[in-house]
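>>> Pasting the sequence and the predicted model now:
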Amino acid sequence: MTDELSATAQRTWSFSTIAMPRMRVAEVIHQPDPDAYSDLVRNALASGFAWGCEVMPVVTAVVHVVGGCFHALTLTGTNAVVAPEEPVPLSSAWLKAALDSLEAVVIVVPPGTFDEEKLEQADRTDDAYAAHRSALNAVRTGGRLLWAAARIRLDQPPVGASFAGPGR
């Protein structure tokens, strides 16, 4: 993440890459507000997401990237659009990984998974990154992480998207 993000975006959205055997994969990680969590889980499951202890499905959800910024996640089948308060600038490494495959792994974690400061620092130091991965692994193995591979849609914001949408 970058320094320019709002406090809410820093607290609830994280963008990273992970090395796979032949490529880097872009990740979109969302920790919603407690009040939005149950609706987001219901919509994500209806869109085809699976709990992290299961095989990760490929779904028709869409990650919207416009002008090098994350704009929103559209959960197809539910018409739910989850968006930060404002577009989030993405790193060149994240954009390259996303453009190489036109897919991203989308992960939804329960509120309280990440300490706000550690989430903000996750891509800046090795220790923070290790703590971030450890927290993700803990919720995945505990069956509390939702995930799916979603396609990237470039330069086309979602129809009717309003920032600070459901799942803020």
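Perfect, thanks for sending it.
>>> Output the contacting helices and strands for the helix of greatest length in the chain.
In the chain, taking DSSP state H as the definition, the longest helix is helix 126-141. The elements that helix 126-141 packs onto, with contact taken as 3 or more CB pairs under 8 Å, 6 or more residues apart in numbering; DSSP states H and E, are strand 13-19, helix 116-121. All C-beta atoms are positioned from the backbone trio N, CA, C, and that covers glycine.
>>> and with 7 Å instead?
When contacts are defined as 3 or more CB pairs under 7 Å, 6 or more residues apart in numbering; DSSP states H and E, helix 126-141 packs onto helix 116-121.
>>> G77 and V62, how far apart?
Using CB to CB, to the nearest Å, G77 is found at 11 Å from V62.
>>> Comparing those two, which residue is more hemmed in?
V62 (20 against 13; other CB atoms under 10 Å).
>>> Report the beta-bridge partners for that one.
T74, R151 (DSSP bridges).
>>> Then the one 4 residues further on?
The residues listed as beta-bridge partners of V66 by DSSP bridges are C69.
>>> how about the strands in the chain?
Using DSSP state E, the strands found in the chain span residues 13-19, 24-30, 50-51, 58-66, 69-75, 80-82, 88-89, 103-108, 146-154.
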